[in-house]
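[1] Have a look; sequence and predicted model below, questions after that.
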Amino acid sequence: MYTIFEEIHGILLSHQITISSLILYALQQEASYHPLDIVTAISQHQETCAAMHSWNRDKILGIICEEIDKLASEGAGWHFGAGRAEPYQLQEFDLVDMAQEMGSTAPNLWEMLDAWLKKGTKGDEDLESDESDEEEMANTLGDAPATFTRKRKRPTAAARRRRRATIISKKVLISSILMQGRSQKANWLQSMCGIFLHAIHAPQKLVDSLAHMGISISQTAIHRSLHSLGIHITSDAKEVGQTLSAAYAYDNLDIEFKSSVPTVEKPGETLKHFTTSMVFPLQHGITANDLRCSQYLWERSQLNARVLRDLLPPRRTSQDLMLIHPHTRELDENNMTARDRFNAWKFLHDLCHHGPEEFRCFAASIGEPEPIEKIPLTKTPIIPLRTTTDNNSQVAGNISAMTHILAQVGVGDPRVAHADSGGSQAVVDVTNHVVLFYGDLGTGEKIDASLERRAIEETPWLRLQFAVFVLGLFHLKMACVDALWKVFIQPRSVQEDETCLMKDVSILRPRETGSVASKPGFRRMHQIIQHAGICRRLDCWRVEVQKREPTHSSLKLFAASKPSLDYLKALANHLAMNYTSRKEKSRIFDLRSKPSSVRDKQFENGLLLNEYFCLYEELAFAMNHGDVGRVESCFMPWIWIFKATGKHKYVKHMMKYLSNVHFVYPPGLRRAVRYSILINPSGKPGCFRAPDWCLELNNLYTKTKYGGTGVNYTEQRIIDDSVLIQIYRDLHLTFERNLALGHLTTKHAEPDMTQTFEAVMQNLQKARPHEIVPGRESKHSIPNLMDEGQFALLASEGPEAMDADETTAEEDAEVTLADVTVEIGV
């Protein structure tokens, strides 16, 4: 063989043919050959391996650099101009989409990164192959030690998602650093990271360090991006506001900036007053023409000194307001009203969701209670406005706050704006339209006072003729909770009975009884009403089923009998009609009219508690599901309760709302108010929220998360970042989703209350609040608030008595972060 090669080599030399040219000629022919064998031989030969490796390196570098240049080009779409940043760019940020586009544009780079990053990291396929190998080994060895047959524990789906997200994020990060190295403008990922670092208050040293590493943009570029985002958000707000079919919510925000060392210039006045606001579009077919009724309302306003008496709407009494939604009080074939049917649904719902496990099979079949008038399900965009330094707790500050809010969206009186700006500022004329302002009770009081103060002005703009206040339902809900606390917990004597609510609290929250008795706050009391109400309604089930079948001494034994859903529905109807006070039938009045020897005062207290708790559940359910008709049907019972508990200002504003909406406002404005009193920021069923709740959430995020920290917690920082609150919130969620940081979520799973509820129900079984014990006395007789409030309201229908009530001191409760977040299960 060697001799033959020598002869061939001699022939090649005689014809002056090199080995390389012979190989090149052979590769160009169609004859079959094995290129891999040739390349392998060349790479392994001592004289050609270095050249081969050098050629491979240059070729691979050329391919990779070409792909990186393609990624870094403007046409690839990864350029991010800090001075031209727009909100939609942050909304479209998705690491999976980036990975797919990068992989298709630079497949060789992506494959290389994939090989590097997955080395030593087992994917799902590796786990499956490992397990199959172990099984095969176990079968081969037969009676092998247990160490060979033990299978590797498979990771959970969440762990696999986190692992995939980690690999994708690393590949995108490395590619982005390489792209930025080729072009400084290819900084999409770095820009997202920079804005996110600002949102989480990352120290400047950290931001600068990450910027030098190529992971973030510089501090200056971040500020330019935020400035551009603020301009676009302000532009979006103007676009919405200048349609004249938008509504606003605003509230005061007081923040104390503590100074370490008081000086002459800053002697310690650290409390600053701000006004925060937001705008959202009116949907559901509402147009600007529906709000073109400013003059119509002024001609019928009592503040108009030139009003014609014939145009003044008659003053509506509580009897008139009871005529609203009359069909809700009509009796069905079971002799039940709409409220009775909701209570029956609530009894059945609690049994199927919190009773014995055997009833869970009915949970999906019970549905929801009948709607009265639901707002169509539509996602409502909310745009925060820039915070101002107006102190709207004063009338003058409130007037400034409203005008500054409208000025931000370019709405006002063109004549006034032209004079103030010298003709440089163009605004949309709002003098013939009305503007809806949502807020708490204090905001409504200041708006009413502002309208009275400006009523003598000549032009509609100067007399604030456009302003229409709508009471925020979140603060109304807080007032309902406070009223129930005043009735069932605050009096010392009400805490002494064995069947009282405080006995339930001592089991539900054994370490918080002192706080509950003194100042529980909305969140704590809201949950007590829910949990104690569930336990008491389940106890009603236990009592009733034992009455009908003495062997069913517990709900578990009742569940073992396998009752049908129809039987449960019929039993729930009976519970709703016999274990609540039922004002329509004056049941509590009849019970308290009996002789003391046969009365059970603690049983009467239990019926009232069940009635009021179900009424609160109905209001909360209606608000969450956007049933504005059911919300309004709950107004009159709560008006009576507020009247009996001394919340006269809420009585005034709730009656004013019903009177204006149903008897004064034209049809277009009536629909606008009713269909915007609840909005749905997420677009999901059961997630309707009051506008004042959305604003309070932004306020608390400003105070606790996005307003700066340390030396950066300044007045100017709060003002500058106020329009970016929604951007920051969305960016937090975006990064948590992209990086699969599920353990950082603030929405925790519902706690398992099974054993706690069982403990409460055991105590209720001993105390027997839902069983009549003739002659049983009570340390404190719960007042029949609805009857007392109704009689007091009828007695005060005169204007003199009503004015006297309004002088009662009353303030909105302070809203905490826990109070707001309880609505979303945080």
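    In hand now; what should we look at?
[2] so Arg463 sits in a helix?
    No - according to DSSP: H, G, I helix; E, B strand; the rest coil, Arg463 belongs to no helix; its state is coil.
[3] Could you check how many residues crowd around it?
    21 (other C-beta atoms under 10 Å). (C-beta placed from N, C-alpha, C; glycine too.)
[4] Who are the contact partners of it?
    By C-beta atoms under 8 Å, 6 or more residues apart in numbering, the contact set of Arg463 is 451, 454-457.
[5] I'd like to know which of the residues you listed are buried.
    Buried positions within the contacts of Arg463, assessed by neighbour count (16 or more other C-beta atoms under 10 Å), are 451, 454-455.
[6] Can you give me the buried ones in the lengthiest helix in the chain?
    Taking DSSP state H as the criterion, the chain has its longest helix at helix 521-548. Buried residues in helix 521-548, defined by neighbour count with 16+ other C-beta under 10 Å: 521-546.
[7] now stretch 99-118
    Along stretch 99-118, the positions that meet the burial threshold by neighbour count (16+ other C-beta under 10 Å) are 99, 102-103, 105-106, 109-110, 112-113.
[8] Stretch 192-208 too?
    Taking 16+ other C-beta under 10 Å as the basis for neighbour counts, the residues of stretch 192-208 that come out buried are 192-199, 202, 207.
[9] What is the neighbour count of Lys374?
    The number of residues packed near Lys374 is 15, by other C-beta under 10 Å.
[10] Mind jotting down where the helices sit in the stretch 501-650 of the chain?
    501-508, 513-518, 521-548, 555-560, 565-578, 587-592, 601-624, 628-633, 635-645, 648-659 (DSSP state H, counting those that start in this stretch).
[11] Which positions within the helix or strand containing Phe735 qualify as buried?
    Secondary structure here is read from DSSP states H and E; on that basis Phe735 sits in helix 725-738. By neighbour count with 16+ other C-beta under 10 Å, helix 725-738 contains the buried residues 725-729, 731-732, 734-735, 738.
[12] just those residues now: which is nearest Gly285?
    Gly285 has its nearest neighbour among the buried residues of helix 725-738 in Gln726, at 25.5 Å by C-beta to C-beta.
[13] That closest one - nearest residue in space that isn't next to it in sequence?
    Pro384 (5.8 Å; C-beta to C-beta, 6 or more residues apart in numbering).
[14] quick one: that neighbour and Asp236 touch, right?
    No - taking C-beta atoms under 8 Å as the contact criterion, Pro384 and Asp236 are not neighbours in contact, 10.4 Å apart.
[15] Between these two, tell me which one has more neighbours.
    When Pro384 and Asp236 are compared for neighbours, Pro384 comes out ahead with 23 against 17, by other C-beta under 10 Å.
[16] which residues touch that one?
    Contacts here follow C-beta under 8 Å, 6+ apart; on that basis Pro384 touches 233, 276-278, 698, 722-726.
[17] at 6 Å instead, please
    Contacts for Pro384 (C-beta atoms under 6 Å, 6 or more residues apart in numbering) come out as 278, 698, 723, 725-726.
[18] Please work out the average pLDDT along the helix or strand hosting Arg717.
    Mapping Arg717 onto the secondary structure by DSSP H and E places it in helix 715-721. If you average the pLDDT over helix 715-721, you get 86.
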